[in-house]
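Student: Give me a model of this one.
(one chain, ligands or ions: 1)
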Amino acid sequence: MTQGTIFDIKKFAIHDGPGIRTTVFLKGCPLDCWWCHNPEGRRPEPEPMAAGLNGDAPGDAVPVGTHMSVDAVMAEIEKDRLFYDESGGGVTFSGGEPLAQPDFLAGLLTGCRGQGIHTALDTTGYATPEIVARIAPLVDLFLYDLKLIDDRQHQTFTGVSNARILANLCHLVKTGRTVVIRFPLIPQINDTSENLAQMGALLTDLGLQRIDLLPFHGIHRQKYHRLGQPDRLGNLEPPGEATIARVKNDLENGGFTVQVGG
Ligand code: SF4
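Tutor: Numbering: from 1, shown residues only. Okay, here's the model as predicted:
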């Protein structure tokens, strides 16, 4: 029985694709983004996280991450079937990076397909072409993260080259997959006119029209402390309304349909 590692199952999600959804968060990510909003999803194995939120006693540690079978996750997913059907929703696989657990992900997607449940994959696209080719036909909607187009900057702020990410995006578009771009807006890092212009040129070439703008909010920061991980953004403030409006206008002037939030 195929097993995988998840760190959350969020019910009644409304920002992870159309309708009412269940979002399953797969643990493990090959990237190391400075602004990671889910730092508990980066390491592949379960790990302790110091308590302090949600009423936990300070000082206690809570485990983050659990091994589950495809059948067990599907049983959770199927509980809310009625809501998916009535709202045009479904299931979103997020992370971490779901493509880092390809067998588990393929099992879950196949299970959803068999049940007629709509699927979205929230991904940064960092995987081998073979994995992407295997997974893509099982996915109804790709929510594809684009962060920085300049490869040197991408390596600095995420730890990996974006060559594979951009190649996989091109492949998905050229093979007719439905793709919505998600752009995490990190002030002073990727909100430059140069990055916006480069991203606009690439997406125009690909014929993609919709961009979801996800402003950095910083509310994840306590998690870094709880996990004993450094917060490399220091005192960086979330973008203000003026910055969000500027970036949105820039992209809209390039012909894109921009939605703030997912
Ligand atoms: S790709 Fe997502 S999960 Fe992975 S490090 Fe970056 S923000 Fe975190």
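
Student: can we go C-alpha only for contacts and neighbour counts from here?
Tutor: Fine.

Student: contacting residues for the residue in the stretch 101-250 of the chain positioned nearest to the ligand?
Tutor: Here the residue of the stretch 101-250 of the chain nearest the ligand is residue 124; by Cα to the nearest ligand atom that distance is 5.6 Å. Applying Cα atoms under 8 Å, 6 or more residues apart in numbering, we find residue 124 in contact with 97, 144-146, 165.

Student: and what of residue 95?
Tutor: When contacts are counted by Cα under 8 Å, 6+ apart, residue 95 touches 24-29, 38, 41-42, 122-123.

Student: how far away is it from residue 42?
Tutor: Distance, residue 95 to residue 42, using Cα to Cα, to the nearest Å: 8 Å.

Student: Top of the contacts of residue 124 by number of neighbours, please.
Tutor: Of all the contacts of residue 124, the most densely surrounded is residue 97 (26 neighbours; neighbours counted as other Cα atoms under 10 Å).

Student: Number of residues surrounding the nearest residue to it once chain neighbours are set aside?
Tutor: The shortest distance from residue 97 to any residue other than its chain neighbours is 4.7 Å, reached at residue 29 (Cα to Cα, 6 or more residues apart in numbering). Residue 29 is surrounded by 21 other residues when neighbours are defined as other Cα under 10 Å.

Student: Next: the one 4 residues further on.
Tutor: Counted with other Cα under 10 Å, residues neighbouring residue 33 total 20.

Student: For the residue lying closest to it once chain neighbours are set aside, which residues are in contact?
Tutor: Among residues not flanking residue 33 along the chain, residue 158 sits closest, at 4.1 Å (Cα to Cα, 6+ apart). Residues near residue 158 by Cα under 8 Å, 6+ apart: 31-34.

Student: which residues are in contact with stretch 198-206?
Tutor: By Cα under 8 Å, 6+ apart, the list of residues contacting stretch 198-206 reads 148-149, 170, 173, 209, 251, 254.

Student: So which of those wins on neighbours?
Tutor: Comparing the contacts of stretch 198-206 by number of neighbours (other Cα under 10 Å), residue 148 comes first, having 23 neighbours.

Student: pretty sure that one is in contact with residue 154, am I right?
Tutor: Yes - under the criterion of Cα atoms under 8 Å, residue 148 is in contact with residue 154, at a separation of 5.4 Å.

Student: What strands line up against the strand ranked longest in the chain, and which way round?
Tutor: What stands out as the longest strand in the chain, according to DSSP state E, is strand 3-13. When pairs are called by DSSP bridges, strand 3-13 turns out to pair with strand 21-26 (antiparallel), strand 66-69 (antiparallel).

Student: Work out the gap between the first one and the centre of the chain.
Tutor: Translated: strand 21-26. From the chain centre to the centre of strand 21-26 is a distance of 10 Å (Cα atoms, centre = their mean, to the nearest Å).

Student: joint contacts of residue 95 and residue 42?
Tutor: Both residue 95 and residue 42 are contacted by 27-29, under the criterion Cα under 8 Å, 6+ apart.

Student: Can you list which of those residues are found in strands?
Tutor: By the criterion of DSSP E, membership of the shared contacts of residue 95 and residue 42 in strands covers no residue at all.

Student: related to what we said a few turns ago, ok, the residue nearest to residue 97 - contacts?
Tutor: Residue 29 makes contact with 41-44, 95-98, 100, according to Cα under 8 Å, 6+ apart.

Student: 7 Å instead?
Tutor: With contact taken as Cα atoms under 7 Å, 6 or more residues apart in numbering, residue 29 is in contact with 41-43, 96-97, 100.

Student: which parts of the lowest-mean-pLDDT helix or strand in the chain are buried?
Tutor: Using mean pLDDT, DSSP states H and E, the weakest-scoring helix or strand in the chain turns out to be helix 221-227, at a mean of 84. Going by neighbour count (16 or more other Cα atoms under 10 Å), the buried part of helix 221-227 is 221, 223-224, 226-227.
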